[in-house]
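In: Fold the stuff below for me.
(one chain, ligands or ions: 2)
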Amino acid sequence: MIVIMQPGATEGQIADVVQHLTEAGGRVQRLDGERVALSTSGPAPGPEIEALPGVAALLNQAATPQVAGVSATAAPPAPPRAPSTAPADPDARGFRVGDHWIGGDRLFIIAGPCSVEDPDTMEAIAAEVAAAGAVALRAGAYKPRTSPYSFQGAGEDGLATARAAADRHGLLLVGEVLDATQIPVAARYLDVLQVGARNMYNTTLLRELGRARRPVLLKRGFSATLEEWLGAAEYIAAAGNPRIILCERGIRTFETATRNTLDLNAVPLVRARTRIPVVVDPSHGTGVREMVPAMANAAVAAGADGLLLEVHTHPDRATSDARQTITTAALHRIVDDAIRIRHALSS
Ligand code: PEP
Ligand code: MN
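Out: Ligands and ions are numbered 1, 2, ... in the order given. Have a look, this model is predicted:
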């Protein structure tokens, strides 16, 4: 386990953390870079370490992305590995989000409407998302739209509506921020801050998210190469936030029959080159609701750590992205199939 300290952590704070780790039975090694990191062997430190003053994040050593200033001493990326040989220990990849672990044995399924809908609709959707077995509700309160005259999202009221629905059903909440000024408000409501495809190259936003104390779901840009996508992740990590989830959401190709071309090559590539959890969004990846189940299955078979799905109790009435939004019945089926596929590949 590695404890990453905040950029301005004092020597007193560092000593305090070392003392806690040592008392917990760990052997602590200090790694000095742009930021101090404490590598501890022995028993995994408890969540109380994360709450100590000066601590930026806890991460499993094996899960370390190339965090600036720490990468020189971090473990090299593991070679490609078939799911069947993946360790049963969920701590081997990823990190904790609320009560859930992303990157472990259990799929991290995020589902909900494209945009935050009215409170009754959000309540009905959240109930179905939880009943289907997903761990997080998604809903955009700030929407990046192609036309400035299209609905731009419900803003803070929408965040409050979505949070209330998520809380009633024990779900985490994932939502997009479009610019850095929205982060403080959004972080009061959201468990995971999403960077949309249109913003993957916005390095100012990425740096600010590096200072946020929330995990970030980083969508791949429309025409971003793997290198560019990982570079964007590095901006967030280098600014102090290693809790990053990559999301493959389809890229633009010559093919116009579907909204995007879902590049599932990205899943084994990310897994081979990094320890960053990767989820797949077959909703934006296809743009066609009938194609979503097949591509969700394929994503899990390719090794995705989770899925991001647009779902609605009345898909045709969805405020945005109706054409790619699935029914709640389809969601139940997708989650069941995903769990069975994951199980078949790991047994
Ligand atoms: C979304 O998740 O609703 C969204 C706008 O996604 P993307 O950035 O992938 O287009
Ligand atoms: Mn959408």
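
In: next helix or strand past the helix or strand of the chain with the lowest mean pLDDT?
Out: Every helix and strand in the chain was compared by mean pLDDT, DSSP states H and E; the lowest is strand 55-59, with a mean of 73. The helix or strand immediately downstream of strand 55-59 is strand 95-97, counting by DSSP states H and E.

In: Determine the set of other helices and strands touching that following strand.
Out: Applying 3 or more Cβ pairs under 8 Å, 6 or more residues apart in numbering; DSSP states H and E, one finds that strand 95-97 contacts strand 55-59, strand 100-102. Heads up, the C-betas are built off the backbone N, CA and C, glycines and all.

In: Which among those strands is found nearest to A187?
Out: Evaluated with Cβ to Cβ, those place strand 55-59 nearest to A187, the distance being 14.8 Å.

In: ranges for the strands of the stretch 101-250 of the chain?
Out: For the stretch 101-250 of the chain, applying DSSP state E, counting those that start in this stretch gives strands covering 108-112, 136-138, 172-176, 192-195, 216-219, 244-248.

In: what's the first one in contact with?
Out: Just to be clear, that refers to strand 108-112. Residues outside strand 108-112 that contact it (Cβ atoms under 8 Å, 6 or more residues apart in numbering): 97, 100, 102, 125-126, 129, 132-139, 162, 172, 174, 192, 217, 245, 277, 279, 305-311, 331, 335, 338.

In: Kindly report the same for the fifth one.
Out: The set of residues that contact strand 216-219 without belonging to it, under Cβ under 8 Å, 6+ apart, is 110, 174, 192-197, 200, 206, 209, 229, 232-233, 236, 241, 243-247, 249, 279, 281, 308.

In: Let's see that with 7 Å instead.
Out: Applying Cβ atoms under 7 Å, 6 or more residues apart in numbering, the contact partners of strand 216-219 are 174, 192-197, 200, 209, 232-233, 236, 241, 243-247, 249.

In: pLDDT on it, on average?
Out: For strand 216-219, mean pLDDT rounds to 98.

In: Report the closest residue of the stretch 201-347 of the chain relative to ligand 2.
Out: Closest to ligand 2 within the stretch 201-347 of the chain is D321: 3.7 Å, counting by Cβ to the ion.

In: Touching, that residue and C114? I think so.
Out: Yes: applying Cβ atoms under 7 Å, one finds D321 in contact with C114, separated by 3.8 Å.

In: Tell me which of the two has more neighbours.
Out: C114 (23 against 20; other Cβ atoms under 10 Å).

In: And that one, how close does it get to ligand 2?
Out: For C114, the distance to ligand 2 (Cβ to the ion, to the nearest Å) stands at 3 Å.

In: how much space is there between that residue and T319?
Out: For C114, the distance to T319 equals 7 Å [Cβ to Cβ, to the nearest Å].

In: Over to T40?
Out: T40 is 47 Å from T319, where distance means Cβ to Cβ.

In: Neighbour count: those two, which is higher?
Out: Shown here are T40 and T319; by other Cβ under 10 Å, T40 has more neighbours (24 against 20).

In: returning to that earlier point: turn the strands of the stretch 101-250 of the chain into JSON lines, columns for distance to ligand 1 and mean neighbour count.
Out: Converted to JSON lines, these look like this (distance: least, Cβ to the nearest ligand atom, whole Å; neighbours: other Cβ atoms under 10 Å):
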{"stretch": "strand 108-112", "distance to ligand 1": "10", "mean neighbour count": "28"}
{"stretch": "strand 136-138", "distance to ligand 1": "7", "mean neighbour count": "28"}
{"stretch": "strand 172-176", "distance to ligand 1": "6", "mean neighbour count": "25"}
{"stretch": "strand 192-195", "distance to ligand 1": "6", "mean neighbour count": "24"}
{"stretch": "strand 216-219", "distance to ligand 1": "4", "mean neighbour count": "26"}
{"stretch": "strand 244-248", "distance to ligand 1": "7", "mean neighbour count": "27"}
